[in-house]
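Give me the fold of what follows.
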Amino acid sequence: AVAATAWDIDAEFSVYPDANPLTQYVRKLHNMLKADLSDIDDEVYVYSGSAPNAFDLPNGKRYVSDGLLHMISTEEELLFVLQHEMIHSDRQHSKAISQVHTTRSSRKSYIESLAKKAGSMRYAEMEADIIALERLEELGINPMGGILLLEGLRELNVRDKGDISHGRETDRIINLRSTT
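Below you'll find the predicted structure:
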């Protein structure tokens with residue numbers, strides 16, 4: 001089995017129980033998106049974290065922070081997040097990135113290894129954004145949720161100065177608007 005990350009996610013973050021209504025809601029939407037993708041064997045978890053974030057791991061686990069869930073205002077925004085993370089899984093973005101640091105033992109080493117892959121990570125984010133937008137549109141879901149989400153993140157000034165892996169929200173918004 002591939003190690004998910006260099007640190008234990010479940011130990012670091014407080015993951016909501018399966019019976020929690022928030023977890024059940026996120027899983028309902030997640031399962032709706034993967035209904036026609038029977039080869040996807042994954043699960044989504046909600047964790048306690050004030051920062052709006054979601055991520056996908058090579059072991060099929062997907063995490064969404066309650067900070068993100070409290071920030072969004074439409075179901076389409078959450079569907080975009082979930083679809084975006086599913087694209088990362090489908091394209092094996094996190095697996096490729098994790099191969100750099102599977103032997104490292106600390107979070108600091110993990111972050112340092114991510115810095116070495118920044119260019120490919122930003123490309124992966126752009127690819128996941130665009131494919132998620134297209135896939136939602138194919139499913140009859142308003143794809144503008146992705147743009148609304150990124151605009152909300154930009155307003156919070158969470159990453160618009162440009163974090164190492166995601167880039168600036170403004171740039172991602174421009175990329176998405178050019179595809180709609």
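
Break down the chain into its helices, ranges please.
Assigned by DSSP state H, the helices in the chain fall at 9-12, 21-33, 66-71, 75-90, 93-98, 107-116, 118-138, 144-156, 169-179.

residues contacting residue 146?
77, 80, 84, 129, 132-133, 136, 176 (C-beta atoms under 8 Å, 6 or more residues apart in numbering). C-beta here means a position set from N, CA and C on the backbone, and glycine is covered the same way.

for residue 132, same thing?
Here residue 132 is in contact with 80, 83-84, 86-87, 146 (criterion: C-beta under 8 Å, 6+ apart).

Between which two of those is the distance greatest?
Largest separation among those by C-beta to C-beta: 86 and 146, giving 13.2 Å.

ok, and the most crowded of the contacts of residue 146?
residue 80 (28 neighbours; other C-beta atoms under 10 Å).

Report the buried residues of stretch 121-139.
121-122, 124-133, 135-136 (16 or more other C-beta atoms under 10 Å).

I meant stretch 142-158, not that one.
So, applying 16+ other C-beta under 10 Å, buried residues of stretch 142-158: 143-150, 152-154, 158.

per-residue confidence averaged over it?
Averaged across stretch 142-158, pLDDT comes to 85.

ditto for stretch 68-86
Rounded mean pLDDT across stretch 68-86 is 95.
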